[in-house]
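A.B. asks: task: produce atomic coordinates for the following.
(one chain, ligands or ions: 1)
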Amino acid sequence: MELTTPICEKMGIRYPIFGLAHSIDVMVALAKAGGYPVFGAARSTPEEIVAEARIMQEQMEGRPFGIDLMLPASVGEETDREKIVDSLPQEHKDFVAGLAKKYHVPKATKPTFFSSQTRSQQLFEEQMAATLESGAHSFASAVGMPPEMIGRAKEHGKMTISLVGAPRHAAKARDAGVDLIVAQGYDAGGHTGPIGTFSLVPQIVDAAGDIPVLAAGGVGHGRHIAASLALGAQGVWLGTAWLTSKEHALSDALTQKLLKATSLDTEISYSHSGKPCRLIKTAWSEEWNKEDAPTPLPMPYQQVLTADIIAGINEHEIEPLIYDAAGQSIAWFNELMTVDEIMTRLVTETNQSLENIARLTSG
Ligand SMILES: Cc1cc2nc3c(=O)[nH]c(=O)nc-3n(C[C@H](O)[C@H](O)[C@H](O)COP(=O)(O)O)c2cc1C
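C.D. replies: Here you go, the predicted structure:
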């Protein structure tokens, strides 16, 4: 049985499985395995987006890929990082300095996106311009979806994709004219809303009208994909699945944590970005949960506050603190596999599940 739905023809792919990652190697492997890759470029400078898109275009040999940006309207105009650092509350700076001391976090030797940039409307505009001029086949947006950006992407010939976590957002996306809606539920890794995937997807399908919907959040097995189709989605969108792929090549300390994790080992925390974000549970999230910890700052200030210590944690692999976004589907990713092996597993399981359902209901 060939696992296909109308979205495959619409997007030019073999399987209705979409994947978001911040790794070019994952994107290329996913395209070659028959899925639809969407590169998370929210942590890339405009210059990096241009270069990354070019590499993907070359290595994917004509297969389609998307670029995803985060464009929250709540982020302001200030671009002077030093000025923002000076304005951060001393209590928060002391707390972060205390963590660095307690866990012996050395300074990073290399700058990172967050230690050299600050999210601002100007940066978003430049990231968007780089995305529109790139060879990406689609533009996806999450955490903010200014309707004029959707219009501009369409004018540049891009397919448009919007990630939503509530029915009213689906209506907004539909009115803005998006081509594809991703219904992303509470189970998901990354920034997420409070509605569980099982409750959310059919509501979004109903609100979306003729626009195809993908289910996201908690998809780790083919049974989830079969269930997503039953809920009215035309496919699925996964993020956590790729973190333990060989191509992602995260640090050993982080990979081991992810491989061992169960669905109980993730939690929603504001400590990453100032917005609710599902992360793998670590001493990082636990320290911010403590009663005497300060309340995380709103986006973009939390990431300005924590950029240096996070850079140090990642570069020096500080085991207790190292973390990434991850969803409850982490329970299904317990061994290092290639992206192609993950795709083959998901497709095989989905076909088995659909056959089981047919047998179960055939009387
Ligand atoms: C490590 C990680 C980083 C993510 N970064 C982004 C991002 O930059 N933009 C975005 O739209 N979604 C991001 N997401 C969310 C995914 O797009 C997707 O909706 C989610 O992972 C689906 O749920 P799952 O994690 O259960 O597969 C991220 C998810 C993870 C796990």
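A.B. asks: for the ligand, what is the nearest residue in this structure?
C.D. replies: residue 239 (2.0 Å; CB to the nearest ligand atom). Backbone N, C-alpha and C define where each C-beta goes, glycine included.
A.B. asks: burial count for that residue?
C.D. replies: Residue 239 is flanked by 25 other residues according to other CB atoms under 10 Å.
A.B. asks: who's in contact with it?
C.D. replies: By CB atoms under 8 Å, 6 or more residues apart in numbering, the contact set of residue 239 is 19-21, 188-190, 216, 325, 327.
A.B. asks: for the stretch 1-150 of the chain, what lies in contact range of the ligand?
C.D. replies: 20, 40, 42, 68, 70, 142 (CB under 6 Å from any ligand atom).
A.B. asks: for the second one, name its beta-bridge partners.
C.D. replies: The residues listed as beta-bridge partners of residue 40 by DSSP bridges are residue 68.
A.B. asks: contacts only, for it.
C.D. replies: By CB under 8 Å, 6+ apart, residue 40 lies in contact with 20-22, 68.
A.B. asks: out of those residues, who's nearest residue 195?
C.D. replies: The closest of the contacts of residue 40 to residue 195 turns out to be residue 20 (CB to CB; 19.3 Å).
A.B. asks: can I assume that closest one sits in a helix?
C.D. replies: No - assessed with DSSP: H, G, I helix; E, B strand; the rest coil, residue 20 is strand; it does not lie in a helix.
A.B. asks: what comes up buried for stretch 187-200?
C.D. replies: 187-193, 195, 197-198, 200 (16 or more other CB atoms under 10 Å).
A.B. asks: the contacts of residue 239 into TSV, with extra columns for pLDDT?
C.D. replies: Output for the contacts of residue 239, formatted as TSV (pLDDT from 0 to 100):
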residue	pLDDT
19	98
20	98
21	98
188	98
189	98
190	97
216	98
325	98
327	98
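A.B. asks: for those, which one is nearest residue 61?
C.D. replies: For those, the nearest to residue 61 is residue 19 (17.8 Å; CB to CB).
A.B. asks: show me the contacts for that closest one.
C.D. replies: By CB under 8 Å, 6+ apart, the contact set of residue 19 is 26-27, 30, 35-38, 237-239, 241-242, 339.
A.B. asks: repeat for residue 52
C.D. replies: Counting by CB under 8 Å, 6+ apart, the residues that residue 52 touches are 24, 39, 41, 44.
A.B. asks: likewise residue 175?
C.D. replies: residue 147.
A.B. asks: so it, which of the three states?
C.D. replies: helix.
A.B. asks: swap in residue 293?
C.D. replies: Per three-state DSSP, residue 293 ends up coil.
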